[in-house]
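>>> Would you be able to build a 3D model of this:
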Amino acid sequence: MSEKKVLAVVNEKEITEDTVLKFLNDLGPQMAMQFQSPEGMKRVVDELINQEVMYLDAKESKLDSDENFIKELERVKEGLLKQYALNQLLSGISVTEGEALEFYNENKENFKKPETVVASHILVEEEEKAKEIIKEIENGMSFEDAAKNYSTCPSKAQGGNLGEFGRGQMVPEFEDAAFNMEVDSISEPVKTQFGYHIIKLINKNAEGLSSFDEIKDQVTQQVLGTKQQQAYINKTNELKQKYEVKNNM
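A predicted model of the protein is given here:
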């Protein structure tokens, strides 16, 4: 096992690489990225030294005996203990595949997939320009090249491809046109608040039922949440019989 690297020592308290890594992990990935350099690491070590000398001074000044500190410590301990007790209660609860499958079979109405389409488009400002582009496509230019050459939408970089979307995700005029097209067909110019769209329908997916395998993880989490909630309710109801409770609401 490799020897730990000591980066600083404060009154015999070692600040090691592990100490720094724990500090960065507690910050979260986005904040930690700011310190992923030699200069950043030095700043972290400086901060850990600052915290340590503040702690030592607080101990020497007997701030840990201060009445307000003791009250705050008790408040924090109470919150931690509540959370720990809850975690202990819920940690032993699990869901079998059979339980998840039973829930799925009993609630299939909740697992329907809505109708969706996959479409590309070309967006221009003028209707006349849209008609000219349609003629170019009819004369052999690919829809993707036409999108890259003429579209004002950022999707032009993907040949106009907008991916898969369902109802309610696009403006009404665009949505109505796309959902009423045949696969592989190209629309006439469709006017919306953004300009004129030429739409190509790539695929259409009818409303259907998600299979259990597709959403097993989702169903399992849903059943787990229900079981945990019920366990919490049962436990608190049991404890309300044990301890005196007066609810004035």
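>>> list the buried ones in the top strand by length along the chain?
Secondary structure of the chain per DSSP state E: the longest strand is strand 195-205. Within strand 195-205, the residues that count as buried by 16 or more other Cβ atoms under 10 Å are 195-202. To be clear about C-beta, it is placed using only N, CA and C from the backbone, and glycine gets the same treatment.
>>> Dump that strand to CSV, restricted to CA.
This file holds the C-alpha atoms of strand 195-205, laid out as CSV (Å, rounded to 0.1, in the frame of the first residue of the first chain):
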residue,chain,number,x,y,z
GLY,A,195,-41.2,31.6,-40.8
TYR,A,196,-41.8,28.9,-43.4
HIS,A,197,-41.0,25.3,-42.8
ILE,A,198,-40.4,22.5,-45.3
ILE,A,199,-41.0,19.3,-43.4
LYS,A,200,-39.8,15.8,-44.2
LEU,A,201,-41.4,13.0,-42.2
ILE,A,202,-38.8,10.3,-41.5
ASN,A,203,-40.8,8.0,-39.2
LYS,A,204,-44.1,7.7,-37.4
ASN,A,205,-44.6,5.7,-34.2
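>>> before we move on, the earlier item: can you tell me which of the buried residues of strand 195-205 lies closest to Leu86?
Ile202 (48.4 Å; Cβ to Cβ).
>>> how near is that closest one to Gln230?
45 Å (Cβ to Cβ, to the nearest Å).
>>> what does Thr152 give?
Separation of Thr152 from Gln230 (Cβ to Cβ): 54 Å.
>>> Would you state the strands of the chain in chain order?
Shown for the chain, the strands assigned by DSSP E span residues 6-10, 13-16, 112-113, 116-124, 161-166, 190-192, 195-205, 208-209.
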